[in-house]
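1. Sequence isn't available, so here's the structure alone:
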């Protein structure tokens, strides 16, 4: 049996916990940007879970790393989604304290997930495992960055737009 399997158990549990957290907050928030961000990341966490589950099943059954797990994901950038939604956001649906708290918890989740997958990628000599875990780490890092951007948007939308819209003077 492969020695990475206990780490898969932890990863599978974490991905489900994170997905459920994001889905719960997507239903709770009245802020359109927050809802879209939580739904988007919940979908990604479900995809992570499915990939981990496939690899775990193969390792358990065959005792070897599967060579056919795709690292290709949809090509949409979460930051592009965030910017697009922010431009259309209904400013009357202000984020509340619970939205900000949820983002802080989510930032903590994603930080730990990034560190966990990055550590797994560094501790194996198997190239398939390294690629798989490094890819998951990069996706968690993208989530982390988007959540931090969302929190900044909630706390100071004018500064957020000034940074992302790249305003200039025409003359």
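-> Arrived safely. What you are looking at is a predicted structure, and each value in this text was computed from that prediction instead of being measured.

2. How about residue 118, nearest residue that isn't a chain neighbour?
-> Spatially, and ignoring its direct neighbours in sequence, residue 118 is nearest to residue 137 (4.2 Å; CB to CB, 6 or more residues apart in numbering). Every C-beta, even on glycine, is put in place using the N, C-alpha and C of the backbone.

3. Which residues are in contact with the residue positioned nearest the centre of the chain?
-> Geometric centre of the chain, nearest residue: residue 143, 3.4 Å, by CA atoms, centre = their mean. Contact analysis of residue 143 by CB atoms under 8 Å, 6 or more residues apart in numbering lists 41, 44, 78, 106, 110, 113.

4. Now the helix or strand where the last one lies: buried residues?
-> According to DSSP states H and E, residue 113 maps onto helix 97-122. Along helix 97-122, the positions that meet the burial threshold by neighbour count (16 or more other CB atoms under 10 Å) are 99, 102-103, 106-107, 109-111, 113-114, 116-118, 120-121.

5. Considering those, which is situated nearest to residue 22?
-> residue 106 (7.1 Å; CB to CB).

6. what about the closest one, distance to residue 147?
-> 5 Å (CB to CB, to the nearest Å).

7. repeat for residue 160
-> Noted for residue 160: a distance of 13 Å to residue 147, by CB to CB.

8. Looking at those two now, which is surrounded by more residues?
-> Neighbours were counted for residue 160 and for residue 147 using other CB atoms under 10 Å; residue 147 has more, 26 against 19.

9. tell me which residues in the helix or strand in which that one is found are buried?
-> Using DSSP H and E, residue 147 falls within helix 127-155. Neighbour counts over helix 127-155 (16+ other CB under 10 Å) mark 128-129, 132-137, 139-147, 149-151, 153-154 as buried.

10. what do you get for stretch 42-53?
-> 42, 44, 45, 46, 48, 49, 51, 52.

11. lowest-confidence helix or strand of the protein?
-> The helix or strand of the chain with the poorest confidence is helix 78-88; it has a mean of 65 (mean pLDDT, DSSP states H and E).

12. Residue 24 versus residue 137, what's the distance?
-> Distance from residue 137 to residue 24, counting by CB to CB: 25 Å.
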